[in-house]
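Q: Build the 3D model from these lines:
(one chain, ligands or ions: 2)
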Amino acid sequence: MKHLILGTAGHIDHGKTSLVKALTGIDTDRLPEEKARGITIELGFANLDLPGDIHFGIVDVPGHERFIRAMVAGVGGMDLVMLVIAADEGVMPQTREHLEICQLLGVKKGLVALTKSDMVDPDWLAMVGEEVRDYLEGSFLEGAPVMPVCSRSGEGIAELRTELGRLAAEIEQKRNDGPFRLPVDRVFTAAGFGTVVTGTLLSGQIAVGDDVEVLPSGLVSRVRGIQGHGKKMEKGGAGQRLAVNLQGVEHSQVHRGDTVVPRGLYQTTQTVDVRLRLLESSARSLKHRAGLRLHSATYEVPVKVILFDRNALEPGESVFAQLRLARPALLLPGDPFVLRTSSPSATVGGGTVLDPLPPRRRRRSSEALQLLEALESGEDGDIVAGLVKTGFLSGLSFADLASRTGLSSRRLEAALGPLLTSGDLVQVYRDPRLYLSREAFKSLKESLLTELRDFLIHNPLKAGIGREELKTRLPARSDQRFFAPCLASLEKENRIIADRELVKLPGRETAAAEARGNVLPGIEKLLSDGGMEPPTLKEISDKLSLPEKQILEHLNLLIREGKAVKVKSDLFYAASAIGSIRETLVAFLAEKGEVTPNEFRELTGLSRKFMIPILEYFDAEKLTIRVGDKRILRGGTRKMPTN
Ligand SMILES: Nc1nc2c(ncn2[C@@H]2O[C@H](COP(=O)(O)OP(=O)(O)OP(=O)(O)O)[C@@H](O)[C@H]2O)c(=O)[nH]1
Ligand SMILES: [Mg+2]
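A: Ligands and ions are numbered 1, 2, ... in the order given. Just a heads-up that it's a prediction; the model follows:
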């Protein structure tokens with residue numbers, strides 16, 4: 001059986017509900033208020049079976065402009081539309097608006113029912129028919145059948161039925177593969193059952209016992225029962241109108257506009273990149289950052305329009321743009337939407353979602369536009385490659401790809417296969433599966449190499465950098481999980497040598513040895529030539545034209561080997577020089593018991609610059625102890641000061 005949704009559209013009082021009743025025998029105006037006022041307020045539902053195993057779920061929409069919100073919600077799942085135009089009135093404002101909404105929301109086919117044919121004479125009827133055909137030119141209903149009908153007498157209804165059957169044969173049923181999605185258009189409580197939601201299943205299949213999630217709230221539940229066209233069923237398929245009984249959910253927790261989806265599969269969004277079109281009929285241009293209301297499936301949300309490449313969009317124009325939503329919503333690639341202004345209440349444009357989770361980016365980036373072009377092209381491979389490429393150093397996971405493309409796992413696998421084989425994409429992690437573009441992978445490896453070289457310049461005596469240390473130097477917007485695969489790839493290319501602890505450059509060990517050979521003796525010589533007043537760290541660095549950090553490393557080595565002594569952070573002595581000062585001082589103290597700075601200066605001939613640090617050094621070494629401004633020997637050998 002082929003399941004399709006047939007909808008009505010058209011101006012108030014043009015006979016939509018009467019037509020549905022003439023076709024099906026069902027009065028879809030159920031509310032007392034609807035009966036009293038003789039108008040439709042809420043969406044109405046009916047069924048129609050046609051020869052050729054065709055089942056129509058029918059959605060009857062209200063024509064009153066105040067209820068346009070319900071009307072838009074009804075169009076969400078429509079495969080086929082009957083645009084209802086009363087022969088005695090012809091095309092009216094909501095005829096136009098409804099047609100535009102259907103067009104924007106991607107309804108593919110339909111026909112016109114020229115109702116109330118009994119109200120006008122045949123000449124008039126023919127003339128209105130012509131007018132309508134002219135009016136439809138350029139729309140998706142151009143050339144569609146225009147069928148005169150009278151719902152009162154039933155004239156023309158049989159022909160209408162036949163025509164609907166013919167159109168139905170040309171339309172493809174919604175896809176049963178992929179995850180299910182049920183936008184909620186009604187919520188009610190059924191005695192003994194609890195909360196029931198109704199809607200048209202946009203895709204996939206939903207079955208009793210399925211674990212579900214209601215978005216955007218994230219409320220989790222399980223399917224307790226399903227009804228479709230009045231019968232209990234175990235499983236509902238795409239294109240069917242369903243009533244779904246949700247376990248353990250309060251009536252007040254679910255609303256029209258929510259979507260029921262498989263648990264844990266989708267994420268909601270507040271920013272979407274779209275193809276946006278401003279209607280020719282729009283009264284004004286659309287400014288960058290303008291506020292509008294977005295309608296998609298059964299929900300409505302205020303949005304701000306971000307234009308990428310201009311400050312205003314003129315009527316009839318179409319561009320790539322970004323929409324910022326006031327509240328999170330579930331939007332998937334390919335979802336159509338309508339944009340309306342609230343005062344005056346009018347439909348001004350609409351479009352299609354291209355990227356529901358776009359990366360933060362500059363408004364006018366050409367890369368961003370390129371990606372949107374790829375997304376719009378609809379080629380799975382281009383889309384996947386484009387998305388991973390724009391993710392750049394942060395890469396993209398399989399789950400992200402699924403959310404952002406809306407592709408089923410199977411199609412995603414099929415798209416990834418050739419890209420991985422050709423090397424355009426690299427899988428850098430297994431669980432979860434993470435992908436980088438060829439360019440990003442290369443750039444990450446290069447940045448690691450640069451870090452490694454840089455480290456070795458500043459640490460010339462080290463053979464390599466610690467693995468963990470190098471890992472922390474990955475660019476911040478990347479992912480530490482990419483480190484191991486980058487390293488492995490660099491190693492395979494013989495550009496690094498990695499052992500358990502260190503990452504080294506090939507040939508580097510000899511370089512380190514050479515450096516030791518040249519630099520160390522240089523520093524040693526400068527220190528010993530300096531004798532009592534050696535060059536400072538900075539002076540050594542200047543003399544040898546090497547960075548201080550590097551000199552320091554060599555100095556530390558000399559200290560470890562007992563050849564030099566650190567007197568102050570930037571002052572080093574040859575061990576022999578400090579040794580002789582020490583001897584002189586000890587001898588003096590042994591005899592005199594104490595020494596003042598002046599006496600020490602006379603004793604050694606040192607200038608103040610060197611003398612004070614050296615005295616402090618001997619204090620720190622615990623050779624001497626300071627008493628007032630004098631020093632005495634610490635420990636047993638000291639003599640009591642004499643007065
Ligand atoms: N003479 C005549 N009257 C009709 C015909 N179809 C509908 N009507 C009348 O037109 C009025 C409006 O009909 P509805 O079917 O409620 O119109 P509607 O398009 O559903 O109106 P809304 O849902 O409020 O937009 C009712 O009084 C109907 O009896 C018809 O074919 N011939
Ligand atoms: Mg009605």
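Q: From here on, just use CA atoms for contacts and neighbour counts.
A: Noted.
Q: and the closest residue to ligand 2 within the stretch 151-300 of the chain, how many neighbours?
A: Residue nearest to ligand 2 within the stretch 151-300 of the chain (C-alpha to the ion): S151, separated by 12.8 Å. Neighbour count for S151, taken as other C-alpha atoms under 10 Å: 21.
Q: separation between it and A113?
A: To A113, S151 is 10 Å away according to C-alpha to C-alpha, to the nearest Å.
Q: And for D210?
A: Taken as C-alpha to C-alpha, the span from D210 to A113 is 40 Å.
Q: on that earlier part again, in three-state terms, label the residue of the stretch 151-300 of the chain closest to ligand 2 for me.
A: coil (DSSP: H, G, I helix; E, B strand; the rest coil).
Q: Does it touch T115 like I think?
A: Yes. Counting by C-alpha atoms under 8 Å, S151 touches T115, with 7.2 Å between them.
Q: just the strands in the stretch 151-300 of the chain please.
A: 182-183, 186-190, 194-200, 205-207, 211-215, 219-228, 231-233, 235-237, 241-246, 259-262, 269-278, 286-287, 291-296, 299-307 (DSSP state E, counting those that start in this stretch).
Q: Using TSV, please lay out the ones you listed together with distance to L537 and mean pLDDT.
A: Converted to TSV, the strands of the stretch 151-300 of the chain look like this (distance: least, C-alpha to C-alpha, whole Å; pLDDT from 0 to 100):
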stretch	distance to L537	mean pLDDT
strand 182-183	73	95
strand 186-190	79	90
strand 194-200	78	92
strand 205-207	76	94
strand 211-215	65	95
strand 219-228	66	94
strand 231-233	86	92
strand 235-237	79	92
strand 241-246	76	94
strand 259-262	67	94
strand 269-278	56	94
strand 286-287	63	95
strand 291-296	64	95
strand 299-307	57	94
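Q: what's the closest of those to ligand 1?
A: Across the strands of the stretch 151-300 of the chain, ligand 1 has its closest neighbour in strand 186-190 (17.8 Å, C-alpha to the nearest ligand atom).
Q: What is the least confident helix or strand in the protein?
A: helix 508-530 (a mean of 77; mean pLDDT, DSSP states H and E).
Q: could you give the angle of the longest strand seen in the chain to strand 291-296?
A: Scanning the chain for the strand with the most residues, using DSSP state E, yields strand 318-329. Relative orientation of strand 318-329 versus strand 291-296 (axes from the mean of the first three to the mean of the last three C-alpha atoms, to 10 degrees): 80 degrees.
Q: quick one: strands adjacent to strand 318-329?
A: strand 269-278 (antiparallel), strand 299-307 (antiparallel) (DSSP bridges).
Q: Okay, buried residues for that strand please.
A: For strand 318-329, burial by neighbour count (16 or more other C-alpha atoms under 10 Å) applies to 318-325, 328-329.
Q: wait, which of those is closest to ligand 2?
A: A329 (29.5 Å).
Q: before we move on, back to that, check the strands paired with strand 318-329 for me and report the most buried one.
A: strand 269-278 (a mean of 22; mean count of other C-alpha atoms under 10 Å).
Q: quick one: contacts of it?
A: With C-alpha atoms under 8 Å, 6 or more residues apart in numbering as the test, strand 269-278 has contacts from 285-286, 313-331, 348-358, 372.
Q: then it to PDB, C-alphas only?
A: Taking C-alpha atoms only, strand 269-278 is exported to PDB below (Å, rounded to 0.1, in the frame of the first residue of the first chain):
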ATOM      1  CA  THR A 269      20.400  23.400  17.200                       C
ATOM      2  CA  GLN A 270      20.100  27.100  17.500                       C
ATOM      3  CA  THR A 271      22.100  28.100  14.400                       C
ATOM      4  CA  VAL A 272      21.500  26.800  10.900                       C
ATOM      5  CA  ASP A 273      23.000  27.600   7.500                       C
ATOM      6  CA  VAL A 274      20.300  27.800   4.800                       C
ATOM      7  CA  ARG A 275      19.400  28.600   1.300                       C
ATOM      8  CA  LEU A 276      17.100  31.600   1.800                       C
ATOM      9  CA  ARG A 277      14.600  33.100  -0.700                       C
ATOM     10  CA  LEU A 278      12.700  36.300  -0.300                       C
END
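Q: ok so V426 is a helix residue?
A: No. Judged by three-state DSSP, V426 forms no part of a helix; its state is strand.
Q: That one: what's it in contact with?
A: Taking C-alpha under 8 Å, 6+ apart, one finds 420, 435-438, 441 in contact with V426.
Q: Switch the strands of the stretch 151-300 of the chain over to CSV; also include distance to P485.
A: Converted to CSV, the strands of the stretch 151-300 of the chain look like this (distance: least, C-alpha to C-alpha, whole Å):
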stretch, distance to P485
strand 182-183, 41
strand 186-190, 51
strand 194-200, 46
strand 205-207, 39
strand 211-215, 36
strand 219-228, 38
strand 231-233, 50
strand 235-237, 43
strand 241-246, 45
strand 259-262, 34
strand 269-278, 31
strand 286-287, 47
strand 291-296, 42
strand 299-307, 38
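Q: could I get the ones you listed as TSV with distance to ligand 2?
A: Formatted as TSV, those follow (distance: least, C-alpha to the ion, whole Å):
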stretch	distance to ligand 2
strand 182-183	22
strand 186-190	17
strand 194-200	19
strand 205-207	30
strand 211-215	30
strand 219-228	23
strand 231-233	25
strand 235-237	28
strand 241-246	19
strand 259-262	26
strand 269-278	29
strand 286-287	33
strand 291-296	21
strand 299-307	21
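Q: Tell me which of those strands is the most buried.
A: Comparing these by mean count of other C-alpha under 10 Å gives strand 182-183 as most buried, with a mean of 30.
Q: packing partners for that strand?
A: strand 194-200, strand 259-262 (3 or more C-alpha pairs under 8 Å, 6 or more residues apart in numbering; DSSP states H and E).
Q: Would you tell me which of those strands gets closest to L449?
A: Among the helices and strands packed on strand 182-183, the nearest to L449 by C-alpha to C-alpha is strand 259-262 (44.4 Å).
Q: Which residues does the closest one contact?
A: 179-184, 210-216, 330.
Q: Each with direction, which strands does that strand pair with?
A: Strand 259-262 has these strand partners (DSSP bridges): strand 182-183 (antiparallel), strand 211-215 (antiparallel).
Q: wait, which of these is closest to L589?
A: Closest among these, using C-alpha to C-alpha: strand 211-215, at 86.1 Å.
Q: any weak-confidence spans in the chain?
A: 360-364, 508-516, 636-643 (pLDDT under 70).
Q: show me what contacts the closest residue to ligand 2 within the stretch 401-550 of the chain?
A: Closest approach between the stretch 401-550 of the chain and ligand 2, counting by C-alpha to the ion: G406, at 35.2 Å. G406 makes contact with 332-333, according to C-alpha under 8 Å, 6+ apart.
Q: cool, and V184?
A: 197-200, 255-260, 298.
Q: hang on, D79 packs against T8?
A: No. Under the criterion of C-alpha under 8 Å, D79 is not in contact with T8, lying 11.0 Å apart.
Q: Which one of those two is surrounded by more residues?
A: When D79 and T8 are compared for neighbours, T8 comes out ahead with 29 against 24, by other C-alpha under 10 Å.
Q: got the residues of the stretch 251-400 of the chain near ligand 2?
A: Counting by C-alpha under 5 Å from the ion, the stretch 251-400 of the chain comes close to ligand 2 at no residue.
Q: Quickly check: the strand or helix carrying M82 near ligand 2 or not.
A: In this assignment (DSSP states H and E), M82 forms part of strand 80-86. No. In terms of C-alpha under 5 Å from the ion, no part of strand 80-86 sits within range of ligand 2; the closest distance is 10.4 Å.
Q: Could you check that strand against ligand 1 for contacts?
A: No. Counting by C-alpha under 6 Å from any ligand atom, ligand 1 is not contacted by strand 80-86; separation bottoms out at 7.3 Å.
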